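S.K.: got a sequence here, can you build the structure:
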Amino acid sequence: MQISVTGHGIETSETLREFIEDKLSKMDKFARIMKVQVILRSVPKGGRNVEVICHLVHGKSLVASASHDDTYAAVDLVADKLQRQLSKVQGQRRERRSDIREARRFKESLATTETASDDEADEAEEEG
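M.R.: A predicted model of the protein is given here:
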């Protein structure tokens, strides 16, 4: 997973970059992530805004943002938001896969039922 950190009107220190990479690298267990863009902005009244754009493997992108007086706290908030979004996407994918498996089983049971009824009809014709 590739993580890029940019600051708009904010200096991004090496420790801040490491903190962000440490927080966001844990997100890879939820979904297959290709690239993460982190944008840090200064907001009026001395606050910080952190926006994260997460590009997933299958073309879907997730966006989360948070504001706080402390940059590290804003990163924590946005990481929590992103984690919730990623777990939701993962749950949707699991549900979709489960629905597909169920549909396959249903089709297979129909096919075996049709085959069994065809065999019974053939036997009845042979007897009669």
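S.K.: how much space between the residue positioned nearest the centre of the chain and M27?
M.R.: Residue closest to the average C-alpha location in the chain (C-alpha atoms, centre = their mean): L86, at 3.5 Å. Distance of L86 to M27, computed by C-beta to C-beta, to the nearest Å: 6 Å. C-beta here means a position set from N, CA and C on the backbone, and glycine is covered the same way.
S.K.: so what sits against both of these two?
M.R.: Residues touching both L86 and M27 (C-beta atoms under 8 Å, 6 or more residues apart in numbering): C54.
S.K.: V5 bridge partners, please.
M.R.: V38 (DSSP bridges).
S.K.: identify the residues contacting it.
M.R.: Taking C-beta under 8 Å, 6+ apart as the test, what V5 contacts is 12, 16-17, 20-21, 38, 40.
S.K.: and the pLDDT for it?
M.R.: Looking at V5, its pLDDT is 91.
S.K.: repeat that for D70.
M.R.: For D70, the predicted pLDDT is 90.
S.K.: still on that earlier bit, which PyMOL command selects the buried ones in the contacts of V5?
M.R.: Of these, the buried ones go into a single PyMOL selection, burial set by 16 or more other C-beta atoms under 10 Å:
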select buried, resi 16+20+38+40
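S.K.: wait, which of the contacts of V5 is closest to S61?
M.R.: V38 (13.7 Å; C-beta to C-beta).
S.K.: now do the contacts for that closest one.
M.R.: V38 makes contact with 3-6, 20, 24, 50-52 under the criterion C-beta under 8 Å, 6+ apart.
S.K.: can you put these in a markdown table and add distance to R105?
M.R.: Shown next, in a markdown table, are the contacts of V38 (distance: C-beta to C-beta, whole Å):
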| residue | distance to R105 |
| --- | --- |
| I3 | 41 |
| S4 | 44 |
| V5 | 47 |
| T6 | 49 |
| I20 | 45 |
| L24 | 38 |
| V50 | 45 |
| E51 | 43 |
| V52 | 39 |
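S.K.: and those residues, which of them are buried?
M.R.: Among these, the ones that count as buried (16+ other C-beta under 10 Å) are 3, 5, 20, 24, 50-52.
S.K.: point out where the chain drops to low pLDDT.
M.R.: 30-31, 93-94, 96-99, 114-128 (pLDDT under 70).
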